[in-house]
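Participant: Below: sequence and its predicted model.
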Amino acid sequence: MSNQLNQANKAAVWDFWQKLNHVGADDVPATVRAAVQDDVDWNVSAPIDQLLGADNAITGFWTPLFRAFPDLKHAPYVFIGGIEAGSDLYATEAGEQWVSGCGYLTGTFADDWLGIPATGVKTNIWFGVFYVMREGKIAEAYLQLDILAVMRQAGFQALPPAPGAEGGKIPGPLAKDGLLLTEQDPLESRKSRQLVQAMGLGMRRYVRSRDGGDLRSMEQDKYWHPDMKWYGPSGIGACFSKEEYEDFHQRPWLEGFGDRNIAREGSGRRMGRIGEGLYCAGGIWDTAYSHHNGVYAGVPATGKLMTLRDFDWWKREGEYLTENWVPIDMIDLFRQMGVDLMARLRAQVEARKQGALGW
């Protein structure tokens, strides 16, 4: 029964996305209403944040989005679902039904959006989403959008250039096998979840005060292929080997944050750790994560307890993880550190109007 329910939930979300790809902007509200619960809890990356109820989700997110990108299309490259087992490290309520995916929204940037000036050209918005499904409809949504990348495509840079590769489009799975529209082998699914869980437990062995920049306590060589691909958000960028991942993301991140055993009970929302076939997904939203212990991206330590909006999709090949897509809400992260990236955008927009910022 759970497999049938999971397949039905995936089919409902896939149908929703396909309808959005083919309706006009005037029909978007009705399409959204048909797919979500009336009291849906709709959450989007900062500065949009939480929108409660279908009406607010439509007026606060969907209508402005389609006004800015009238020919918007969903182009996912990972798509999976699962019934939360309630038995792993980041367990949520047992029995919750999840559908999840990541990829791109693409469309012509025809009208300003979130204060970003329209460019009139095709724009790519990297997205990652987790839905909680109830009675065949979306009851909760957690949507990451790489808004900083939209700024960059419009000619604005709110963060320093990323240490990893930045610009262009973040690739999907090399094997182009991430859209799991059909039922997957339960044994392979279990292997994927178990490998990700073991990797996460390894990370928790790191102690910042003891290990510093020495990552060996986590024993991540057991879990990751040396030629792994790690795709992070604007401000971090993409890493094309385990060495790049450690140098461009992991060490700077642990220097800035680095607490691995913060008590998280009652804090924020944990995405269901779900796995299908060779893919696994998980994440947190507004969940206590780490104190701001050190300098990160030039921002001095504040000592604050940070919450995080962080999603992961992993690809397993054999006994190793080979690819990882990791959208993080960097605008929310930096505002907790006292840095308003939207204000940086507004200043750059004004400077361009005055002729002080070139194209």
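Facilitator: Perfect, I can see it now.
Participant: what distance separates the longest helix that the chain contains from the centre of its chain?
Facilitator: Taking residue count as the measure and DSSP state H as the definition, the longest helix of the chain comes out as helix 2-22. Between the mean C-alpha point of helix 2-22 and the mean C-alpha point of its chain there is a distance of 20 Å (CA atoms, centre = their mean, to the nearest Å).
Participant: How about stretch 51-59?
Facilitator: For stretch 51-59, the separation from the chain centroid amounts to 21 Å (computed by CA atoms, centre = their mean).
Participant: Pull out the buried residues from it.
Facilitator: By neighbour count with 16 or more other CB atoms under 10 Å, stretch 51-59 contains the buried residues Leu51, Gly53, Ala54, Ala57, Ile58. C-beta here means a position set from N, CA and C on the backbone, and glycine is covered the same way.
Participant: Are we agreed that the last one is in a helix?
Facilitator: Yes. If the criterion is DSSP: H, G, I helix; E, B strand; the rest coil, then Ile58 is within a helix.
Participant: host element of the closest residue to it other than its chain neighbours?
Facilitator: Nearest residue to Ile58, sequence neighbours excluded (CB to CB, 6 or more residues apart in numbering): Pro29, at 4.9 Å. Following DSSP states H and E, the helix or strand that holds Pro29 is helix 28-35.
Participant: how many degrees apart are that helix and helix 2-22 in direction?
Facilitator: 170 degrees (axes from the mean of the first three to the mean of the last three CA atoms, to 10 degrees).
Participant: Next SSE downstream of helix 28-35?
Facilitator: For helix 28-35, the succeeding helix or strand toward the C-terminus, using DSSP H and E, is strand 36-44.
Participant: partners of that next one in the sheet?
Facilitator: In the sheet, strand 36-44 lines up against strand 49-52 (antiparallel), strand 137-145 (parallel) (DSSP bridges).
Participant: and of these, who's closest to Phe79?
Facilitator: For Phe79, the closest of those is strand 137-145, at 14.4 Å, according to CB to CB.
Participant: How far off centre is that closest one?
Facilitator: Between the centre of strand 137-145 and the centre of its host chain there is 11 Å, according to CA atoms, centre = their mean.
Participant: Alpha carbons only: can I get that strand in CSV?
Facilitator: This file holds the C-alpha atoms of strand 137-145, laid out as CSV (Å, rounded to 0.1, in the frame of the first residue of the first chain):
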residue,chain,number,x,y,z
LYS,A,137,-2.5,17.2,-2.1
ILE,A,138,0.4,19.4,-1.0
ALA,A,139,0.0,20.2,2.7
GLU,A,140,3.4,21.7,3.4
ALA,A,141,6.0,23.0,0.9
TYR,A,142,9.7,23.9,1.5
LEU,A,143,11.2,25.5,-1.5
GLN,A,144,14.8,26.7,-2.0
LEU,A,145,15.5,29.1,-4.8
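Participant: Which elements pack onto the longest helix of the chain?
Facilitator: helix 28-35, strand 73-83, strand 97-108, strand 122-134, strand 137-145 (3 or more CB pairs under 8 Å, 6 or more residues apart in numbering; DSSP states H and E).
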